[in-house]
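Engineer: Sequence and computational prediction follow.
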Amino acid sequence: MARIPVLALWSAPRSRSTAFARMMAERGDRVVVHEPFSQVVDFGRVNVGDHVAHSETDVLTALRAIAAHTPVFFKDTTDFHYPALLADRDFLAVATHTFLIRHPAESIASHHRLNPSLGRDEIGFARLHEIFEAVRTATGRTPVVIDSDDLLDRPGPTVRAYCEAVGIDFVAEALSWQPGMRPEWQRTSRWHELTSRTVGFTSGGGGGGATIAADPVLAAHLDYHLPFYERLRTVAVQP
């Protein structure tokens, strides 16, 4: 089964995936698509390059069409469930799917600040693990996982290790960029405000543990999602 030049990054929401995608855009060597699956579920329509998609199936078709002419990178989040993706064993096998994690106490606290009505499933670690296992089954290989804390602590070595693992060149210059709200972020701009002010991989603050401990509902959400994070963490690339 021939591989196609699609590189995907999956993460639970609020796991610093937008900063990673900003770095990938800075490279300038591939089309970068912002959250096509979550946006088509949320809004019913999404631009995927020059294509307009109205369903998950349309997104999959559009990504393949772009990849027929040029390499493509997309990042997406697992606040929604993607049955068409999970059913497309060919796409799971021929694209390169990678995963970005963050300790769920921190991601839940960050998510809750923007979405006080946050529900358990939209936190996304269980769904993230489901995609990870689907890719592992389809490929027979363990997908690449990186921890966003490593991106903050050791951005150069972490990105270099990621690039080596997925077979692309490491571009040191892409680790810094000009601040600003990118056009593809406008539709969901309040979720990307912090990243729009960055010039590299920087922390948006911690304190998630205290927030979770003070809220029994969030604490229960953490208990549910933590095992999925821990399973992914055991296979994370060590920079």
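Structural biologist: That came through, no problem. Numbering: from 1, shown residues only.
Engineer: now the helices for the chain?
Structural biologist: With helices called from DSSP state H, the chain shows them at 17-27, 36-43, 56-67, 83-87, 89-94, 104-114, 125-139, 148-153, 155-166, 193-196, 208-213, 216-233.
Engineer: I'd like to know which of the ones you listed lies nearest to residue 174.
Structural biologist: helix 17-27 (4.0 Å; CB to CB). C-beta: built from backbone N, CA, C; applies to glycine.
Engineer: and the closest one, what does it pack onto?
Structural biologist: strand 6-11, strand 31-34, strand 72-77, helix 148-153, helix 193-196 (3 or more CB pairs under 8 Å, 6 or more residues apart in numbering; DSSP states H and E).
Engineer: tell me the mean pLDDT for that helix?
Structural biologist: On average, the pLDDT along helix 17-27 is 96.
Engineer: Report the buried residues of that helix.
Structural biologist: Of the residues in helix 17-27, 17-27 count as buried by neighbour count, 16 or more other CB atoms under 10 Å.
Engineer: That one relative to strand 6-11, how many degrees between them?
Structural biologist: Helix 17-27 and strand 6-11 are oriented at 150 degrees to each other (axes from the mean of the first three to the mean of the last three CA atoms, to 10 degrees).
Engineer: how far does the helix-or-strand element of the chain with minimal mean pLDDT sit from the chain's center?
Structural biologist: For the chain, using mean pLDDT, DSSP states H and E, the weakest element among its helices and strands is helix 208-213, scoring a mean of 80. The chain centre lies 23 Å from the centre of helix 208-213; the measure is CA atoms, centre = their mean, to the nearest Å.
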